[in-house]
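> have a look at this prediction, sequence included:
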Amino acid sequence: MKREVSFYSEGQKIVGDLYLPNNSEGKKFPAVILCHGFAGVKEVALPPYAEFFAEQGFVSLVFDYRGFGGSEGERGYLVPQRQVTDIRSAITYIQSLEEFNTEKVSLWGSSFGGANAIYTASIDKRVKSLVVQLAFGSGERMIKGKMNDEEKSKIDSTLAKAWAREVTSNKKLSLKADQILTDDDSKTFYAKMSEEYPQMQVKIPITTLSYILELKPEDVVSKVKQPILIIAAENDIVCPATESEILFSKANEPKELCILKKAKHFDTYSGENFKISSQRAVEWFKRPN
């Protein structure tokens, strides 16, 4: 059963969908909050996971970050720290529900949402367990890892000019999300999804790249004391499996690393890879503390 919900994060309205187990009336259930990826919306990729988690006995919440989908906020304004705050607001919201078991709230994050989930779990001890898939350890490696010195200098210069423009004239230099994405897999996926879900068609400030360059989940994953399952796709060109291996090497026990053989980034959301990743997540959430 699904119902539309809303709550607030720093005064701005967040919209979401809550998935409830069948015959849930009068019962208490653990919860999972799902965190979507770069420029995503709650209707894309996440519902099959939320539905499966609900079938397995979890109250599951998907929501739009501020500035995206149906939530309030400046369109396309992507700041990881703000999204972490939105996740923490979602935890507070879900703990207010009668259907919730306040001792069991877990986070599930995919791609950019995996990075956000790691940061959230590193500071918010209400999180009891964590599953991240297709994540990365360093935003700088993701953006600049294959660049030569000239290309790195060019992006630094562009960002400096964009920041100066924002600071001196309050004018943002923005691009469509597919203009920021660099790999063919992401561009293809985004083009298909944005045609099906027009709410994905937003412009994102170029200065967002600065926040991503500074984003280093590998520096905080050692602060995550909760059990963590890391899922990677062997042939991922968006967030290479080596990124997950770096996160795993720096994570605390209990931890597990699951690599989906021959899978690419977006293969994970359907077919056999979905079955494997969703089942492994449920098994992790159900493990005894």
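Yes, it's here. Keep in mind it's a predicted model, so treat the numbers as computed, not measured. Numbering: from 1, shown residues only.

> where in the stretch 151-289 of the chain is pLDDT low?
289 (pLDDT under 70).

> show me the contacts for the spatially most central residue of the chain.
What sits nearest the mean C-alpha location of the chain, by Cα atoms, centre = their mean, is residue 113, with 1.1 Å. Under the criterion of Cβ atoms under 8 Å, 6 or more residues apart in numbering, the contact list for residue 113 reads 34, 35, 36, 37, 40. Where you see a C-beta, it was placed from the backbone N, CA and C, and this is true even at glycine.

> with residue 243 instead?
Applying Cβ under 8 Å, 6+ apart, the residues near residue 243 are 135, 136, 137, 138, 141, 142, 232.

> the third one reaches residue 222, doesn't it?
Which is residue 137. No: if you go by Cβ atoms under 8 Å, residue 137 and residue 222 don't touch, sitting 11.4 Å apart.

> that older thread, who wins on neighbours among the contacts of residue 243?
Using other Cβ atoms under 10 Å as the neighbour criterion, residue 136 leads those with 29 neighbours.

> surely it is in contact with residue 143?
No: Residue 136 is not in contact with residue 143 according to Cβ under 8 Å; the separation is 10.0 Å.

> where do the helices sit along the stretch 151-289 of the chain?
According to DSSP state H, counting those that start in this stretch, the stretch 151-289 of the chain carries its helices in the segments 177-180, 184-196, 208-214, 241-250, 271-286.

> can you tell me which of those helices is nearest to residue 101?
Set against residue 101 and scored by Cβ to Cβ, the helices of the stretch 151-289 of the chain come closest in helix 271-286, at 11.9 Å.

> from the contact counts, what lies against that closest one?
Secondary-structure packing of helix 271-286 (3 or more Cβ pairs under 8 Å, 6 or more residues apart in numbering; DSSP states H and E): helix 46-55, strand 127-133, strand 228-233, strand 255-260.

> who touches the third one?
Looking back up the chat, that one is strand 228-233. With Cβ under 8 Å, 6+ apart, strand 228-233 has contacts from 121, 129-135, 221, 239, 241, 243-245, 247-248, 251-252, 254-260, 263-265, 267-268, 273, 277, 280-281, 284.

> narrow those residues to those that are buried.
121, 129-135, 221, 239, 241, 243-244, 247-248, 251, 255-258, 260, 263-265, 267-268, 273, 277, 280-281, 284 (16 or more other Cβ atoms under 10 Å).

> what about the longest strand in this structure?
The longest strand of the chain (DSSP state E) is strand 100-110.

> now it: mean pLDDT?
Averaged across strand 100-110, pLDDT comes to 92.

> report the angle between the axes of the helix or strand following that strand and strand 100-110?
Using DSSP states H and E, the helix or strand that directly follows strand 100-110 along the chain is helix 112-123. In terms of direction (axes from the mean of the first three to the mean of the last three Cα atoms, to 10 degrees), helix 112-123 departs from strand 100-110 by 130 degrees.
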